[in-house]
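K.L.:
Sequence and computational prediction follow.
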Amino acid sequence: MGLYIEARIRADLDELWARTQDPASHQRWDLRFTEIDHLPRAEGEPQRFRYATRVLPGLTVAGTGVSAGEKERPDGTRTSALRFASPHPLSLIAEGGGYWRYVPDGAEVRFLTGYDYHPRWGRPGAIADRLLFRPLMGWATAWSFDRLRLWLERDITPERALRSWLAEAAVRALTIAVACAGLAYGALADPAGPWAPSAMFATPVAAMAAALAALIVPPLPGTPSARRCLRTPPARARAPRLLATLKG
């Protein structure tokens with residue numbers, strides 16, 4: 001099953017194209033990549049590129065790919081397609097392909113992607129991909145699309161957006177930790193003590209309310225959030241013909 005992500009961005013189409021097609025800009029907002037570099041190419045040939053992702057300190061997984069774009073289409077939309085592969089033995093992704101579409105819609109642009117890949121490591125890799133890696137990739141793509149939206153709509157740089165997200169995540173985590181401590185206090189309190197009614201009833205209720213709030217309260221407007229993106233493809237969504245012309 002392929003991944004589909006769509007964000008509505010109130011921005012100029014040319015500016016959106018530039019910040020998604022320029023490698024230096026792309027690697028700033030896309031959480032999936034640490035480095036993206038264009039490789040030399042002959043005139044008229046598709047653009048080849050190298051990408052790298054820092055998985056852990058001191059561990060970087062790299063790969064290469066090829067991309068092509070259609071900047072001028074009769075219907076006013078734009079398309080970019082790519083194929084990619086990684087020979088790194090620790091890369092769960094062996095090879096894959098996908099596309100970006102830019103669809104003007106009034107004052108907004110529907111910026112959407114569809115992509116899929118083949119995992120390596122046989123059956124264990126397929127299970128790990130289905131249960132963990134693919135959902136994580138979908139979340140990271142949606143989160144990155146919203147970070148791009150904030151950059152274009154509100155001039156919040158990707159670096160500032162990341163700091164806001166980390167700070168908000170820390171507050172949520174601390175709230176949940178305090179709530180868990182409150183539940184433990186209520187469970188361990190002396191039922192005969194003077195504060196027993198509060199400890200046994202009011203404290204657990206307040207703790208559970210705080211934990212639920214930390215989990216479900218929407219992020220601040222300036223904080224990136226994957227939940228703001230559409231992640232279910234329309235019934236007629238299909239890959240562009242351009243993707244079929246690329247060879248990795």
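P.N.:
Sure thing, it's come through. Numbers count the residues shown, from 1 in each chain.

K.L.:
how about the strands in the protein?
P.N.:
With strands called from DSSP state E, the chain shows them at 3-9, 35-38, 47-56, 59-70, 78-85, 93-105, 108-119.

K.L.:
For the third one, which outside residues touch it?
P.N.:
What that stands for is strand 47-56. Residues from elsewhere that reach strand 47-56 (C-beta atoms under 8 Å, 6 or more residues apart in numbering): 23, 32-39, 41, 60-68, 84, 90. To be clear about C-beta, it is placed using only N, CA and C from the backbone, and glycine gets the same treatment.

K.L.:
Next, count neighbours for residue 130.
P.N.:
Applying other C-beta atoms under 10 Å, we find 12 residues neighbouring residue 130.

K.L.:
got it, and residue 144?
P.N.:
Residue 144 has 24 nearby residues by other C-beta under 10 Å.

K.L.:
I'd say it and residue 27 touch.
P.N.:
No. Using C-beta atoms under 8 Å as the test, residue 144 is too far from residue 27 to be in contact (10.6 Å).

K.L.:
among the contacts of strand 47-56, which ones are buried?
P.N.:
Listed as buried from the contacts of strand 47-56 are 23, 33, 36, 61, 63-68, 84; burial here means 16 or more other C-beta atoms under 10 Å.

K.L.:
among those residues, which two are most distant?
P.N.:
Across the buried ones among the contacts of strand 47-56, no pair lies farther apart than 61 and 68, at 24.2 Å, counting by C-beta to C-beta.

K.L.:
just so I know, which of the strands of the chain lies nearest residue 223?
P.N.:
Here strand 3-9 is closest among those (C-beta to C-beta), at 14.9 Å.

K.L.:
and the closest one with strand 108-119, angle?
P.N.:
160 degrees (axes from the mean of the first three to the mean of the last three C-alpha atoms, to 10 degrees).

K.L.:
Below-threshold pLDDT in the protein: ranges please.
P.N.:
Within the chain, the stretches with pLDDT under 70 are 1, 183-204, 248.

K.L.:
Longest helix in it, by number of residues?
P.N.:
Longest helix in the chain, counting residues (DSSP state H): helix 158-188.

K.L.:
which parts of it are buried?
P.N.:
Those would be 158, 161-162, 164-165, 168, 172, 175-176, 179, 182-183, 186, for helix 158-188 by 16+ other C-beta under 10 Å.

K.L.:
which among those residues gets closest to residue 221?
P.N.:
So of these, ranked by how close each gets to residue 221 (C-beta to C-beta), first place is residue 164, at 10.0 Å.

K.L.:
looking at it, that closest one is touching residue 171, isn't it?
P.N.:
No. Residue 164 is not in contact with residue 171 according to C-beta under 8 Å; the separation is 10.8 Å.

K.L.:
Pull the residues that contact stretch 7-23.
P.N.:
25-26, 29, 36-38, 49, 69, 71, 78, 80, 100, 102, 104-105, 107-112, 142, 145-146, 148-149, 151-153, 228-230.

K.L.:
Filter those residues down to the buried ones.
P.N.:
25-26, 29, 36, 49, 69, 78, 80, 100, 102, 109, 111-112, 142, 145-146, 148-149, 151-152, 228-229.

K.L.:
what's around residue 72, how many residues?
P.N.:
8.

K.L.:
Same question for residue 154.
P.N.:
Neighbour tally, residue 154, other C-beta under 10 Å: 12.
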